[in-house]
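J.: Sequence and predicted structure, then a few things I'm wondering about:
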Amino acid sequence: MATLEITEPIFTETIENNELVILDFWAEWCGPCRAYGPVYEKISEEFPDVVFGKIDTEAQPELGRLFNIRSIPTTIAFKQEIGVFMQPGALPENALRDLIKTLIDLDMDEVREEMAKKKAENPDKK
């Protein structure tokens, strides 16, 4: 599956209707983003069941602000509607591939359990 251009109108629907979504926040003028793009595209073709989205921070500034994007490229992952990964900087090909494999195997029951535990320890935090 090729990468999908994510815009604000389809953002929520994309996260809600897919098991695993990987997002690349980028901009046309960004040299590291242009270098990361082909790597991201190549890896997206290796995992057809994973949605790989690209968010142009110039065209979608609200999404950039929503995630407090300060550096691009930034890769963010959602599994079962929960943000499970965020890292600024271009990921090397093998690191991105390994990340996807790790996220596919990630036990979301354990993640939800850990989130509930943290919330119980800090009830004032969201």
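T.: In hand now; what should we look at?

J.: Which stretches in this structure count as helices?
T.: All helices of the chain, identified by DSSP state H, fall at 8-16, 31-46, 61-66, 93-105, 108-121.

J.: what packs against the longest one?
T.: Counting contacts by 3 or more Cβ pairs under 8 Å, 6 or more residues apart in numbering; DSSP states H and E, helix 31-46 packs against strand 20-26, strand 51-56, helix 93-105. All C-beta spots, glycine's among them, are computed from the backbone N, C-alpha and C.

J.: Determine the number of other residues adjacent to Val50.
T.: 19 (other Cβ atoms under 10 Å).

J.: who touches it in this structure?
T.: By Cβ atoms under 8 Å, 6 or more residues apart in numbering, Val50 lies in contact with Met1, Glu19, Leu20, Val21, Ile22, Ser44, Ile100, Ile104.

J.: Against Leu20, how distant is it?
T.: 5 Å (Cβ to Cβ, to the nearest Å).

J.: ok, now Pro32?
T.: For Pro32 relative to Leu20 (Cβ to Cβ), the value is 24 Å.

J.: Looking at those two, which is more packed in?
T.: Leu20 (18 against 14).

J.: Quick one: residues contacting that one.
T.: Here Leu20 is in contact with Asp49, Val50, Val51, Ala77, Phe78, Lys79, Ile100, Leu103, Ile104 (Cβ under 8 Å, 6+ apart).

J.: Repeat that for Pro32.
T.: Counted by Cβ under 8 Å, 6+ apart, Pro32 has contacts Ile72, Pro73, Gly89, Ala90.

J.: what's near enough to touch the second one?
T.: Okay, so that is Pro73. Taking Cβ under 8 Å, 6+ apart, one finds Asp24, Phe25, Trp26, Cys30, Pro32, Cys33, Tyr36, Pro88, Gly89, Ala90 in contact with Pro73.
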